[in-house]
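>>> dropping the sequence and predicted coords here.
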Amino acid sequence: MQRRIWAGIDAGKGHHHCVVIDSEGSKLLSRRVANDEVELLQLLGDVLALGDEVTWAVDLADGGAALAISLLLAHGQHVLYISGRTVNRASGAYRGEGKTDARDAAIIADQARMRRDLNPVRPADDISAELKLLTARRTDLVCDRTRAINRLRGQLTGFFPSLERALDLGNAGPLVLLTGYQTAAAIRRLDRSRLETWLRNRKVRGAAALAQAAVEAAERQHTTVPGESLAAQLVGTLAREIATLNERIAETDKLIAGRFAEHELAEVITSMPGIGPTLGAEFLAATGGDMNLFGSPDRLAGFSGFAPAPRDSGRVSGNLHRPKRYHRGLQRVFYQSALISIQRHPESRAFYDRKRGEGKRHTQAVIALARRRINVLWALIRDRRLFELVPPIAKAA
């Protein structure tokens, strides 16, 4: 009779802790290992020597656990994923109140032994793995840009509030203006025509309107604020930093679009109205394009946060609430693509208008549309076919 064992790994940056248990829950091994290939291979050999059939479980699917997972999958091991939140909740059912890496690893192993609903970890294809890195990098750059814009607004409001109100700092033109002129006195010394010429020489779109808005803002303020000189220098520096971030985001978008186009599902995903290369890449980064992981569009909707969770108790029934555990990035993909499809796809607009006519709020109508689009995209990927306004079955009928 084959001996089954379960190995739980509490993953960390520099070290992991592994605990191995048998079918009775008895501890067979407890070891702290460095996040190093040599030590991980030694651990793998020692664990395999303890049993005939090994099931591994980890509380991280990437990051510090990436090397360990890659080694296990390369050696044909069965690996399950259990989230850190699940481990934390389950720890309350075990004896003791302390928290150690060894205890967490033992809980991970025991949960893998008892539960049948844990998802297996599967090796991601190179394109999906690269898209995950690129989309994460893009998110970081966008967040950096948002923080820089907010700091720029705060600095500019401190000494030249009328110009801050007049400029849309999300566009490139106002940033170019602020790299050269930041104070009301400087703009007044340069009349509108010369400022417009200066902007045109730097290939700013709408130079005339921007110059007019800046001059009008300068005419409304003739008071010099203490510290204005240094604040103006900081504004110029921030404007240049934001322009650099815009360039980096554009470069990353090109890399994402090029890599996404090489994926076998790229044409299928982008055939859906409202989904372009960036949102499509984020979808692949979150799912890998493997719908077998979900089994049904309902599970995909639940993973994305679009399936309401019931909260019934006693005589209270039919209580549906927004779920708390879901993939935020995937929710963004479906919600943003639904918003875009409302603007550019007549059928999506008609669905949205119908929901609004039923008394739904804007957000509720968009969520209803996104939920419907999850069913469509899941079916398109399953059948490997492009989006059509009239489904093939309806055409045949």
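Right, received. Where do you want to start?

>>> how about the strands in this structure?
Counting by DSSP state E, residue ranges of the strands within the chain are 4-10, 15-22, 27-34, 53-58, 78-81, 119-120, 309-310, 320-321.

>>> ok, and what's touching the second one?
Read it as strand 15-22. Counting contacts by C-beta atoms under 8 Å, 6 or more residues apart in numbering, the residues outside strand 15-22 that touch it are 3-10, 27-35, 40, 43, 47, 50-51, 64-65, 68, 101-102, 104-106, 108-110, 113. Using the backbone N, CA and C atoms, a C-beta is placed for each residue, glycine as well.

>>> now do the contacts for the nearest residue in space to residue 253 that is not next to it in sequence.
With C-beta to C-beta, 6 or more residues apart in numbering as the measure, residue 278 is the residue that lies nearest to residue 253, at 6.4 Å, once sequence neighbours are left out. When contacts are counted by C-beta under 8 Å, 6+ apart, residue 278 touches 135, 138, 253, 256-257.

>>> if we can go back for a sec, got TSV for the strands of the chain, with mean neighbour count too?
What follows is the strands of the chain, written out as TSV (neighbours: other C-beta atoms under 10 Å):
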stretch	mean neighbour count
strand 4-10	25
strand 15-22	22
strand 27-34	16
strand 53-58	21
strand 78-81	19
strand 119-120	12
strand 309-310	12
strand 320-321	10
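
>>> make a markdown table out of these and add mean pLDDT and distance to residue 229.
As requested, these are exported to a markdown table (pLDDT from 0 to 100; distance: least, C-beta to C-beta, whole Å):
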| stretch | mean pLDDT | distance to residue 229 |
| --- | --- | --- |
| strand 4-10 | 95 | 55 |
| strand 15-22 | 95 | 52 |
| strand 27-34 | 94 | 54 |
| strand 53-58 | 94 | 56 |
| strand 78-81 | 94 | 56 |
| strand 119-120 | 86 | 59 |
| strand 309-310 | 79 | 56 |
| strand 320-321 | 76 | 54 |
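
>>> just tell me which of these ends up closest to residue 209.
strand 320-321 (47.5 Å; C-beta to C-beta).

>>> packing partners for the closest one?
Applying 3 or more C-beta pairs under 8 Å, 6 or more residues apart in numbering; DSSP states H and E, one finds that strand 320-321 contacts strand 309-310.

>>> partners of the strand it packs on in the sheet?
The pairing partners recorded for strand 309-310 under DSSP bridges are strand 320-321 (antiparallel).

>>> what's in contact with the strand it pairs with?
Judged by C-beta under 8 Å, 6+ apart, the contacts made with strand 320-321 from elsewhere in the structure are 308-311.

>>> same thing but at 10 Å, please
Outside of strand 320-321, the residues that reach it under the criterion C-beta atoms under 10 Å, 6 or more residues apart in numbering are 307-312.

>>> which residues sit in contact with residue 185?
Residue 185 makes contacts with 160, 218, 221-222, 224, 228, 232, as judged by C-beta under 10 Å, 6+ apart.

>>> now the two most distant members of those.
Across those, no pair lies farther apart than 222 and 232, at 15.9 Å, counting by C-beta to C-beta.

>>> perfect, that will be all.
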